[in-house]
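J.: with the sequence up front, the predicted model follows.
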Protein chains: 2
Amino acid sequence: MDVLEKILEQNNIKPTAMRLLVLQFLLNKKVATSLTDVENYFDKSDRTTLYRTLKTFVDKGISHKIDDGTGITKYALCEDNCHCEIDTDLHLHFHCTKCNETVCITAYKIPPIHLPKDYTAENVNLVVKGICDKCNSK
Amino acid sequence: MDVLEKILEQNNIKPTAMRLLVLQFLLNKKVATSLTDVENYFDKSDRTTLYRTLKTFVDKGISHKIDDGTGITKYALCEDNCHCEIDTDLHLHFHCTKCNETVCITAYKIPPIHLPKDYTAENVNLVVKGICDKCNSK
DNA sequence: TTCATAATGCACTTCCGTTGCATAGGGCAT
DNA sequence: ATGCCCTATGCAACGGAAGTGCATTATGAA
């Protein structure tokens, strides 16, 4: 059986043609992807379907939803064995202000954060903006 | 001379009536403020003017622009002696998913981040989402 | 006063996220 | 194979927010 199908079925997502294509697209992409990115790639398909496909991926836990501070929601597949838990799985996102790409710096895990009394954390988002390696070496 | 005027003039911002009012509003607010918040408070004034006022504050360095992951840009005045420098001035923002308020946790400074080779950082944004103290004690 | 520059206000556009609703397709029981 | 149900898909439209162009008004200098 196809690897892609396996991924979807293991996460209770019915493997439709569209979903397989989007999953493959995300797998190939190394950087965080916006709905518009996906939309441009699959110009035959509908924006809403792609939107809902990405939403499904996030809801079912195979993709992260990233806010890189550009105001545009980005998506990136979780790493293997990711459970999206604070202190173990959450990592840094780097947004290059030159090429406008957002990449996951998985090597850098977010350190434990000590919040003031009575604050409870559900989610952490760490975004660094600057110039990426490719743009710096140009 | 008025304290508010001083703040503006020291940062090369011409102290107009509107700007003084917005500055005062931001000073009184303890939490990060969206354009819409300001708009609702000053319902006589125009949205564009307020938008540009906030933009001026950010450009001139007396206010932070905060992206708390809600998709709505928030603004908060810098602390005294803030130079908006990484590792010294940047702090954590906490967004409560219950009351929808975003506060600055200035006590928590963002730890030094070691990026991969050839990456240069200009800006760091750390947002924690969860439940704030007020909502937790209700 | 007169002129130049900057701030303000209004109208409008664009972009993105999101939802409602109608249609199509796939799986299951009969 | 047929009919049914549920889900996925596609189309249209809405709404909120950011941003821009341009005309008008205020400000400050000569």
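T.: Good, I have the coordinates. Note that the coordinates shown come from a computational prediction; the quantities given were computed from them, not determined experimentally. Numbers count the residues shown, from 1 in each chain, chains lettered A, B, ... in the order given.
J.: do stretch A:39-53 and DNA strand D meet?
T.: Yes. With C-beta under 7 Å from any atom of the strand as the measure, stretch A:39-53 is seen reaching DNA strand D through A:45-49, A:52-53. Using the backbone N, CA and C atoms, a C-beta is placed for each residue, glycine as well.
J.: wait, does that stretch contact chain B?
T.: No. Shown here: stretch A:39-53 not in contact with chain B (C-beta under 8 Å from any C-beta of the partner chain), separated by at least 14.4 Å.
J.: identify the residues contacting that stretch?
T.: Outside stretch A:39-53, the residues that touch it by C-beta atoms under 8 Å, 6 or more residues apart in numbering or on different chains are A:18-19, A:21-22, A:25, A:35, A:38.
J.: pLDDT on it, on average?
T.: Here stretch A:39-53 scores 92 as its mean pLDDT.
J.: measure that stretch end to end?
T.: Start and end residues of stretch A:39-53 are separated by 11 Å (C-alpha to C-alpha, to the nearest Å).
J.: got the buried residues for it?
T.: For stretch A:39-53, burial by neighbour count (16 or more other C-beta atoms under 10 Å in any protein chain shown) applies to A:42, A:45, A:50, A:53.
J.: report the distance from that stretch to the chain centre.
T.: Stretch A:39-53 has its C-alpha centroid displaced from the chain centroid by 16 Å (C-alpha atoms, centre = their mean, to the nearest Å).
J.: and what of stretch A:129-137?
T.: On C-alpha atoms, centre = their mean, the centre of stretch A:129-137 falls 20 Å from the chain's centre.
J.: identify the residues contacting that stretch?
T.: Stretch A:129-137 is contacted by residues A:69, A:94-99, A:101, A:103, B:115-125 when judged by C-beta under 8 Å, 6+ apart.
J.: top strand in chain A by residue count?
T.: For chain A, the longest strand by residue count, based on DSSP state E, is strand A:120-131.
J.: in the helix or strand following that strand, what counts as buried?
T.: Using DSSP states H and E, the next helix or strand after strand A:120-131 towards the C-terminus is helix A:133-136. Neighbour counts using 16+ other C-beta under 10 Å place A:133, A:135 of helix A:133-136 among the buried residues.
J.: can I get helix A:133-136 as PDB, trimmed to CA atoms?
T.: Extracted as PDB, the C-alpha positions of helix A:133-136 are listed here (Å, rounded to 0.1, in the frame of the first residue of the first chain):
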ATOM      1  CA  ASP A 133      21.400  31.200   4.800                       C
ATOM      2  CA  LYS A 134      20.600  31.200   1.100                       C
ATOM      3  CA  CYS A 135      19.900  34.900   1.000                       C
ATOM      4  CA  ASN A 136      23.000  35.700   3.100                       C
END
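J.: now A:Ser42, what are its backbone angles?
T.: One thing to correct before we go on: residue A:42 is Phe, not Ser. Taking degrees, to the nearest 10, you get phi -100, psi 70 for the backbone angles of A:Phe42.
J.: re earlier: could I get the longest strand of chain A in CSV with only the CA atoms?
T.: C-alpha atoms of strand A:120-131 as CSV (Å, rounded to 0.1, in the frame of the first residue of the first chain):
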residue,chain,number,x,y,z
THR,A,120,-1.4,27.9,32.1
ALA,A,121,0.2,27.3,28.7
GLU,A,122,-1.4,25.4,25.9
ASN,A,123,0.7,26.4,23.0
VAL,A,124,4.0,28.1,22.2
ASN,A,125,5.0,29.9,19.1
LEU,A,126,8.6,31.1,18.6
VAL,A,127,9.4,33.0,15.4
VAL,A,128,12.6,34.6,14.5
LYS,A,129,12.7,37.0,11.6
GLY,A,130,15.9,37.8,9.6
ILE,A,131,17.9,36.7,6.7
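J.: list the buried residues of it.
T.: Quick answer for strand A:120-131 (16+ other C-beta under 10 Å): A:124-131.
J.: now stretch A:16-33
T.: Buried-residue list, stretch A:16-33, by 16+ other C-beta under 10 Å: A:19, A:21-23, A:26, A:29, A:31-33.
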